[in-house]
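A.B. asks: next input, structure requested:
(one chain, ligands or ions: 1)
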Amino acid sequence: MRQIFGEKTHEVLQNLKVKFTYIGGYMWIDPTDGSLIISSHYLNEGDKTDIYLDLIHELVHVRQFMEGKKLFDAEYDYADRPTEIEAYQHAVNEARRLGLSDRQICEYLKTEWMTNEDLKKLAKSLNVKCTWQYAQ
Ligand SMILES: [Zn+2]
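C.D. replies: Numbers count the residues shown, from 1 in each chain. Prediction:
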């Protein structure tokens, strides 16, 4: 937490609004007020490590939102967007701290909205070695 927010950790977590939704998906930032929206289904059924790493990722976006950065900058593809790379970098650092292998981290990074090309690009930016053959 402190790596993401530094001195502001307490203030940010105190003011963070979290909303739960029955809409599917995982978790994301509400672009209108910067609050964190979490799918109840994902929270109940999802893999605990995935949820934890997603939380780290989204908290980086919360900080970026507070700094006035554009989270949904259409100028960039998802895998190239600086705000995404920064968020993933924090999640990957935490995954490594937990002892996840590069292969496990790659599996975590792979999502249904990302193509193999995007995954390769993202993994390269994050210095994660994805060496096995991906099953699409
Ligand atoms: Zn993100």
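A.B. asks: contacts and neighbour counts: CA atoms only from here.
C.D. replies: OK.
A.B. asks: do you know how far the residue most central in space within the chain is from residue 131?
C.D. replies: Nearest to the mean C-alpha position of the chain, by Cα atoms, centre = their mean, lies residue 57 at 3.0 Å. Residue 57 sits 23 Å away from residue 131, taking Cα to Cα, to the nearest Å as the criterion.
A.B. asks: how are the strands of this protein distributed by residue range?
C.D. replies: 18-21, 27-29, 36-39 (DSSP state E).
A.B. asks: if I look at residue 130, how far off is residue 65?
C.D. replies: Here the criterion is Cα to Cα. By it, residue 130 lies 30 Å from residue 65.
A.B. asks: same question, residue 44
C.D. replies: 27 Å.
A.B. asks: who's more crowded, the two?
C.D. replies: Higher neighbour count among residue 44 and residue 65: residue 65, with 19 against 10, using other Cα atoms under 10 Å.
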